[in-house]
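Undergrad: here is a sequence together with a model predicted from it:
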Amino acid sequence: MKLKYGNDYLFLDLPDETPRIVLEGAKTEAISNPEEAVSEELLNPIGSASLRDIVQAGETVCILVNDSTRLARSEIFLPVLIEELDRSGIDKDNIFIQFTNGTHRPMDHEEMTALTGERTAGMVAMYNHNSMDNEKLLFLGHTSFDTPVYINQRVMLADRHILTGSVVHHFFAGFGGGRKALVPGVAGWDTICKNHSLMFHQAARAGALKGNPVHEDLVEAALMVGGDFLINTVLNSDKDIIGIFAGDMLYAHHAACEMVEKVNGYQLEQLADVVIASCGGYPKDINLYQAHKTLDNALAAMKPGGQLVLLAQCRDGVGSELYEEWACKYSDIKTLEAALKENFVLGGHKAYKVAELLQKGKVYLVSDFEPDKARLFGFVPVSSLEEAVADIYSANPNLLTYIIPQGSTLVPRYTG
């Protein structure tokens, strides 16, 4: 079978006698006319008045849109959304798109246009967010978790905030989407660091919202900013829209999370000796920072001491200078953890999580990294998928193997 790798595919050929199971999410049909479905959701939202009853003529509207590390099919729903705002009396000069870069790099105009579609890019102003530009952040106060809330000034000056994005499981926030368009999307560096430092709590895990301090802190911060309306999508492995959820920032998001759990949660009967996982191609394997999601999910399906083959092109490299710095500085996981708890640093937290995961077994990495760099991060580098297969099965081809084509979204669970 073929597995996605960047914008291409790699072919997997296992020994005939190898027992194998392909782990995939529930089959869900794509929405045949997503534009029409978006229009319907805007008029009949979840837990909210319709968009045209919320916005008023003459107001400025900020539309928060994900950056290139996440796909939401914004190019489909943005034109419909802007048309609805136009019918509501909002002039296009009073609409702008704020990309929710969080701590990620800024995008160029070509990348912005790819996310919004040429039509939208030609109609409204578009801006990157810089979490470290303190002069362009406003301080709103502290959450009950003592997180200082700094938010993009341009966003705060807008009369209305429309949150958009897609919903998937998130390894410590429970789920992506929803409130995350505001925090960490357009938050300051200090805000993001303090929130993410809550990830050490045992309830901070994929699929968990109630009692999850990371999620609860995000909600508090987002409510301080104010989210007037939400449009979140759920996508299938072909990047088609299978769910559209519009309305209240909290209620509509919860409905989307319920669908994601039904589609991508996977209950296992046993753990495998070997797991072979693709992130699902670009942009899910754009860098090691993003590929961590697949590593986390795939290892949950593997026996302790087993073997994993991770397919992650990482065309943009690591994705975080601080990740690389912390991975080089601390070779011992206990020392890394202690340092992180004393001084939480974004990027360092990802180095810790990856190092923690790599304790579970042997992880082969098929990527664009030079071998020495892959070894530096704790992986076993291989030049091809074929090389990894030959190394794993040469002595024993009868290893129970799970194949995960969409490792960044499928969340396996084993209760024993």
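TA: Cool, got the structure. It should be emphasised that the depicted structure is a prediction, and the values quoted were computed from it without experimental measurement.
Undergrad: tell me the helices in the stretch 151-300 of the chain, going along the chain?
TA: For the stretch 151-300 of the chain, the helices defined by DSSP state H, counting those that start in this stretch occupy 153-157, 189-196, 213-225, 251-264, 288-299.
Undergrad: so Cys62 is in contact with Arg160, correct?
TA: Yes: Cys62 is in contact with Arg160 according to Cβ atoms under 8 Å; the separation is 6.9 Å. Every C-beta, even on glycine, is put in place using the N, C-alpha and C of the backbone.
Undergrad: same drill for the two, tell me which one is more crowded.
TA: Just comparing Cys62 and Arg160: by other Cβ atoms under 10 Å the higher neighbour count belongs to Cys62, 24 against 21.
Undergrad: partner strands of the helix or strand containing the more buried one, parallel or antiparallel?
TA: Element membership of Cys62, judged by DSSP states H and E, is strand 61-66. For strand 61-66, the paired strands and their directions (DSSP bridges) read strand 95-100 (parallel), strand 160-166 (parallel).
Undergrad: hmm, who's touching the last one?
TA: Contacts made with strand 160-166 from outside it, assessed by Cβ atoms under 8 Å, 6 or more residues apart in numbering, are listed as 51, 54-55, 59-66, 70-74, 77-78, 81, 100, 155, 176-182, 225-235, 249.
Undergrad: now with 6 Å?
TA: If you take Cβ atoms under 6 Å, 6 or more residues apart in numbering as the criterion, strand 160-166 is touched by 55, 59, 61-66, 72, 177, 181, 226-233, 235.
Undergrad: before we move on, what about stretch 353-369?
TA: 292, 295, 299, 302, 305-314, 333, 374, 378-382, 385, 388.
Undergrad: list the buried residues of that stretch.
TA: Taking 16 or more other Cβ atoms under 10 Å as the neighbour-count basis, stretch 353-369 is seen to contain the buried residues 353-355, 357-358, 360-367, 369.
Undergrad: looking at those, which are in helices?
TA: With helices taken from DSSP state H, the overlap with the buried residues of stretch 353-369 comprises Lys353, Val354, Ala355, Leu357.
Undergrad: now the buried members of the contacts of stretch 353-369.
TA: With neighbours counted by 16+ other Cβ under 10 Å, the contacts of stretch 353-369 contain buried members at 292, 295, 299, 302, 306-314, 333, 374, 378-382, 385, 388.
Undergrad: strands - which of the residues you listed land there?
TA: Using DSSP state E, the subset of those located in strands is Met302, Gly306, Gln307, Leu308, Val309, Leu310, Leu311, Val380, Pro381, Val382.
Undergrad: dump these to JSON lines, plus distance to Val318.
TA: Below are those laid out as JSON lines (distance: Cβ to Cβ, whole Å):
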{"residue": "Met302", "distance to Val318": "24"}
{"residue": "Gly306", "distance to Val318": "25"}
{"residue": "Gln307", "distance to Val318": "23"}
{"residue": "Leu308", "distance to Val318": "19"}
{"residue": "Val309", "distance to Val318": "20"}
{"residue": "Leu310", "distance to Val318": "15"}
{"residue": "Leu311", "distance to Val318": "17"}
{"residue": "Val380", "distance to Val318": "17"}
{"residue": "Pro381", "distance to Val318": "14"}
{"residue": "Val382", "distance to Val318": "18"}
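Undergrad: could you export those as CSV, including pLDDT?
TA: As requested, these are exported to CSV (pLDDT from 0 to 100):
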residue, pLDDT
Met302, 98
Gly306, 98
Gln307, 98
Leu308, 98
Val309, 98
Leu310, 98
Leu311, 98
Val380, 97
Pro381, 97
Val382, 97
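Undergrad: burial count for the closest residue to Thr415 other than its chain neighbours?
TA: Residue nearest to Thr415 in three dimensions, not counting chain neighbours: Gln267, with 7.7 Å by Cβ to Cβ, 6 or more residues apart in numbering. By other Cβ under 10 Å, the residues close to Gln267 number 8.
Undergrad: any idea how far Lys303 is from Gln267?
TA: From Gln267 across to Lys303, the span is 17 Å (Cβ to Cβ, to the nearest Å).
Undergrad: next, count neighbours for Gly178.
TA: 30.
Undergrad: looking at it, it is touching His254, isn't it?
TA: No: because the distance of 8.0 Å does not satisfy Cβ atoms under 6 Å, Gly178 is recorded as not touching His254.
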